[in-house]
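S.K.: Turn this into a structure:
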Amino acid sequence: MTKNQPLYQKLVDQLEVKIRKDMAPHEKLLSERELSESYSVSRITVRQALRELESRGLIYKVHGKGTYVSKLKEPLTDLATAYSFTEQMKKIGKEPKTEIISFEKVAVKDYLEKFLDMDTEGEAFELERVRLADGEPMMFERSYLPATLFNDLSKDLLLQKPLYDIFAEDYHQQIRLAEEEFYASIALDYEAHLLGIKKGDPVLHMIRKTYNDKNLLIEHTFSIARADHFTYRIIHQPNQ
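M.R.: Numbering: from 1, shown residues only. Model (predicted):
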């Protein structure tokens, strides 16, 4: 802490250490009054500190219930570099198209529970799509969306606009962070048929997890892209 650091910032630092080291996701914080008494600061200072922690994505508020630790206890990530198939195809002069293979509400089983951070009593939408460029299949996607957040989602709506536009415009879900993992593999019968390639041909697997501004998972997508038509380019720049 610097000599002239504001009092609320000192409290932010103290609470951040406690959140990261000692608290679990969705654990409830002390009330404003309790924090004020515990740290010997005013309620105004507590409110300033909580606003700062919320802006960093470390906590979220539930109206009438209190303040809780976010699922993700990491600083916010700029989503500007996250991959968008539709936008990328437009940039390279190709016409993007999406075909919906299946769309249904499914019960959350054990294998989905760990991905969606939902209990096994919940439901999720399972969406399978093929992404095309100039009419040629490029990518197969299977997405899971918690039904509690998108209860009236319909196939008609999915056909009208991109999924992320639906998140923002129809369900007011503000995306805060997306995580992606990549690995090489080979195509199995199902995806090979959909992508117009042979079983055993090389493909690129991608796993994306997308979180809203309360750091709750709103999308878990498995993607399989044709290795002969699909590349990722990553540019690393040193810190200035």
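S.K.: quick one, helices of the protein?
M.R.: 7-22, 32-39, 43-55, 85-91, 110-116, 155-160, 163-171, 189-195 (DSSP state H).
S.K.: Specify the angle between the longest one and helix 32-39 in degrees.
M.R.: Same thing as helix 7-22. Here the directions of helix 7-22 and helix 32-39 differ by 90 degrees (axes from the mean of the first three to the mean of the last three Cα atoms, to 10 degrees).
S.K.: Show me what helix 7-22 is packed up against.
M.R.: Applying 3 or more Cβ pairs under 8 Å, 6 or more residues apart in numbering; DSSP states H and E, we find helix 7-22 packed against helix 32-39, helix 43-55. Backbone N, C-alpha and C define where each C-beta goes, glycine included.
S.K.: Can you name every helix or strand that the shortest one contacts?
M.R.: By that I understand helix 32-39. Looks like helix 32-39 contacts helix 7-22, helix 43-55 (3+ Cβ pairs under 8 Å, 6+ apart).
S.K.: go again using 7 Å as the cut-off
M.R.: For helix 32-39, the elements it packs on are helix 43-55, judged by 3 or more Cβ pairs under 7 Å, 6 or more residues apart in numbering; DSSP states H and E.
S.K.: can you pull the buried residues of the helix it packs on?
M.R.: 45-46, 48-50, 52-54 (16 or more other Cβ atoms under 10 Å).
S.K.: Which one of those residues is nearest to His220?
M.R.: For those, the residue nearest His220 by Cβ to Cβ is Glu54; the value is 24.4 Å.
S.K.: so what's that closest one up against?
M.R.: 60-61 (Cβ atoms under 7 Å, 6 or more residues apart in numbering).
S.K.: nearest to Pro6, of the helices and strands packed on helix 7-22?
M.R.: helix 43-55 (8.0 Å).
S.K.: same question for that closest one, mean pLDDT?
M.R.: On average, the pLDDT along helix 43-55 is 89.
S.K.: Same check on stretch 14-31?
M.R.: 87.
S.K.: and what of stretch 91-107?
M.R.: Stretch 91-107 comes out at a mean pLDDT of 88.
S.K.: Show me the contact partners of stretch 19-31.
M.R.: With Cβ under 7 Å, 6+ apart as the test, stretch 19-31 has contacts from 38, 58-59, 66-71, 73.
S.K.: Contacts only, for the residue nearest to Ala192 when sequence neighbours are not counted.
M.R.: Residue nearest to Ala192 in three dimensions, not counting chain neighbours: Lys199, with 4.6 Å by Cβ to Cβ, 6 or more residues apart in numbering. For Lys199, the contacting residues are 187-189, 192, by Cβ under 7 Å, 6+ apart.
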